[in-house]
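Participant: When you get a sec, could you give me coordinates for this:
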Amino acid sequence: MCLMQLRALHTTLSSVAAKTYKGCLEEESKQTRITLKEKIREYFNSANPLTGYEIEEVKRVNEEYIVKDTRQLVTMYRDNVFTGRAVARIFHGIQSPNYPAVIWGRCKFWRSHLKDDLHEICNIATGEILKMRLMR
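Facilitator: As a prediction, this is how the structure comes out:
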């Protein structure tokens, strides 16, 4: 329900947003303010204001592929102490002080799982790293 409310808010604000700040200074901004007020009134006066907004189903990640890549990454770079979060950030190409883009951008795993959910990767990678540590 909250996600649908956020989607409704985003859609409403996007429809009246100006492309630049200069658009807010023009005379047309008065019309957008009126339009926004009308949409807000319509939302609160409607019996079911969230009709037409649906929650997109979250795509599941390919767990086997992430487990395989996590194992390869950890074994290729044995001198680093990886966490699940660090692995997920590498897979998404998010740099950090320990893993700068200048150096890790050359790694084949950098930005390799951009379409997968970061938190899901983090959970899977953490579990796999713990399994690998227990096997030693």
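
Participant: For the rest of this, base every contact and every neighbour count on C-alpha atoms.
Facilitator: OK.

Participant: Next one, pLDDT for residue 61 please.
Facilitator: Here, the pLDDT recorded for residue 61 equals 81.

Participant: for it, helix, strand, or coil?
Facilitator: coil (DSSP: H, G, I helix; E, B strand; the rest coil).

Participant: show me the contacts for residue 123.
Facilitator: Going by C-alpha atoms under 8 Å, 6 or more residues apart in numbering, residue 123 touches residue 84.

Participant: what about 6 Å?
Facilitator: Residue 123 makes no contacts at all, as judged by C-alpha atoms under 6 Å, 6 or more residues apart in numbering.

Participant: Please apply the same query to the one 3 residues further on.
Facilitator: Under the criterion of C-alpha under 6 Å, 6+ apart, the neighbours of residue 126 are residue 84.

Participant: State the helix or strand in which it lies.
Facilitator: Using DSSP states H and E, residue 126 sits in helix 118-135.

Participant: same thing with residue 102?
Facilitator: helix 101-104.

Participant: Which residues does that helix contact?
Facilitator: So helix 101-104 is contacted by residue 95 (C-alpha under 6 Å, 6+ apart).

Participant: Distance from that helix to the middle of the chain?
Facilitator: 21 Å (C-alpha atoms, centre = their mean, to the nearest Å).

Participant: so for it, what's the average pLDDT?
Facilitator: 94.

Participant: what does stretch 126-136 give?
Facilitator: What stretch 126-136 shows for mean pLDDT is 92.

Participant: Just the C-alphas of that stretch, formatted as CSV.
Facilitator: Once non-C-alpha atoms are left out, stretch 126-136 reads as follows in CSV (Å, rounded to 0.1, in the frame of the first residue of the first chain):
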residue,chain,number,x,y,z
THR,A,126,27.4,-13.0,2.4
GLY,A,127,26.1,-16.5,2.7
GLU,A,128,28.5,-17.8,0.1
ILE,A,129,31.5,-16.1,1.7
LEU,A,130,30.6,-17.6,5.1
LYS,A,131,30.3,-21.1,3.5
MET,A,132,33.7,-20.7,2.0
ARG,A,133,35.3,-19.6,5.3
LEU,A,134,33.8,-22.6,7.1
MET,A,135,35.2,-25.0,4.4
ARG,A,136,38.8,-23.9,5.1
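
Participant: Please consider this matter closed, and thank you.
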